[in-house]
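Undergrad: below are the sequence and a predicted model; questions follow.
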Amino acid sequence: MAEDAPERTDPTAPRIFQTGQPDGVPPLELTGERTLPDVPEENYWYQRHLVVYEWIAARTAGLRVVDLACGEGYGSAVLAGTAGSVVGVDANPEAFEHARLRYTRPGLRFERTLIDTFAEPCDAVVFLQTIEHVTNPGEILDHCGQLVAASASPAVYVSTPNVLTLAPDGAERSGNPWHVHEYRPDEFRDLCRGSFGSVELFGLFHARRLRIHEVVIQRLGWDTVHRRLGITGRFYRRFVPAISTRDFALVSERERPDLRGALDLLAVCRP
């Protein structure tokens, strides 16, 4: 599926913005730096990230949560549906202003600052799809641990794409210009263990219609077929917007020890 997602880093591609934003909320442009809701072409990636936020929200009910590098803010809003309080933190001025105006529910606020200088204590830190963007990942993870150090039930949730499935076959990395380093499962686990005493690793996999799509591609060469038939655009214009969180499954390494085929990796870390 990933190879059929719209190209988000091609400078010659048409500019794409969010649609249907509330009055007074400036839409964000899809650049490839962050995932956005309300962009039909981006729905695969949005749902792929949303399912992890929803999984974490079910485990942080009533807690003080910090969502570092929150981007557009949709994940912080999901977390705020169960948490006692949520602070979404992002340094980007456009993303911050959009999030502040778009998501205004009680118990949720946004702070514009660097992730490594935000210092408000909390019970849980959520740091998703960002560790691959930073040059000092160990220091950032240490800082996350400090934020939850005084909590009676501390947890740090960190996710990253799995380079083994993100990169093209035979390539060392995906080519995403926003990524500093892309991780293999063992490498990601070791990175997290350098900052935390307990690390439980999960893998995100395709399920339902995406799993069927994946199997059809692998066994029947569907990508080649629809290109020959000239229906690629029509097919994906219908298929991609219909994808939902139910088309992904988050599986513990204890249930599935080999995570090399996972799309994304999620580490649940505790001191």
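TA: Alright, I've got the coordinates. Numbering: from 1, shown residues only.
Undergrad: what residue, apart from its backbone neighbours, is nearest R208 spatially?
TA: D247 (4.8 Å; CB to CB, 6 or more residues apart in numbering). C-betas here are computed from N, CA, C, even on glycine.
Undergrad: where does the stretch 151-271 of the chain dip in pLDDT?
TA: Judged against pLDDT under 70, the low-scoring parts of the stretch 151-271 of the chain cover residues 217-233.
Undergrad: which stretches of it form strands?
TA: Here the stretch 151-271 of the chain has its strands, by DSSP state E, counting those that start in this stretch, at 155-161, 198-206, 248-252, 264-270.
Undergrad: hmm, who's touching the first one?
TA: With contacts defined as CB atoms under 8 Å, 6 or more residues apart in numbering, strand 155-161 is touched by 52, 56, 59-60, 123-129, 131-132, 141, 144-145, 148, 174, 182-183, 188, 192, 196, 263-270.
Undergrad: out of these, which are inside helices?
TA: 52, 56, 141, 144-145, 188, 192 (DSSP state H).
Undergrad: by neighbours, which of the residues you listed wins?
TA: C144 (28 neighbours; other CB atoms under 10 Å).
Undergrad: what pLDDT does that one get?
TA: Per-residue confidence (pLDDT) for C144: 98.
Undergrad: the chain should start at 59 in everything you say after this.
TA: Sure thing, new numbering starts at 59, so read that last one as C202.
Undergrad: what's near enough to touch it?
TA: Listed by CB under 8 Å, 6+ apart, the contact set of C202 reads 126, 183, 185, 214, 216, 253, 327.
Undergrad: may I ask which two of those residues are separated the most?
TA: L126 and S253 (14.0 Å; CB to CB).
Undergrad: how many neighbours does N220 have?
TA: 21.
Undergrad: may I have the beta-bridge partners of it?
TA: Beta-bridge partners for N220, by DSSP bridges, are Y241.
Undergrad: which residues touch stretch 88-102?
TA: 59, 63-64, 66-67, 74-79, 85-86, 103-104, 106-108, 129-130, 132, 153, 187, 234-236, 295, 298-299, 301.
Undergrad: so who does V206 touch?
TA: Each residue near V206 by CB under 8 Å, 6+ apart is listed here: 179-183, 212-214, 329.
Undergrad: kindly recompute the last result at 10 Å.
TA: Counting by CB atoms under 10 Å, 6 or more residues apart in numbering, V206 touches 121-122, 124, 179-183, 212-214, 254, 327-329.
Undergrad: can I get the buried part of those residues as one PyMOL selection?
TA: Burial among the contacts of V206 is assessed by 16 or more other CB atoms under 10 Å; the matching PyMOL selection reads:
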select buried, resi 121+122+124+180+181+182+183+212+213+214+254+327
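Undergrad: wait, which of the contacts of V206 is closest to V309?
TA: Closest to V309, out of all of the contacts of V206 and judged by CB to CB, is C327, at 17.8 Å.
Undergrad: isn't that closest one up against F246?
TA: No. Shown here, C327 and F246 do not form a contact pair, counting by CB atoms under 10 Å, at 11.1 Å.
Undergrad: between these two, which contacts overlap?
TA: Jointly contacting C327 and F246 under the rule CB under 10 Å, 6+ apart are 216, 257, 259.
Undergrad: distance of the second one from Q204?
TA: Counting by CB to CB, to the nearest Å, the gap from V257 to Q204 is 17 Å.
Undergrad: neighbour count: these two, which is higher?
TA: V257 (20 against 14).
Undergrad: now the more buried one: closest residue in space that isn't a chain neighbour?
TA: C250 (4.5 Å).
Undergrad: pretty sure the one you found is touching C327, no?
TA: Yes. With contact defined as CB under 10 Å, C250 reaches C327; the gap is 5.3 Å.
Undergrad: shared neighbours of these two, which are they?
TA: 199, 202, 214, 216, 256-259.
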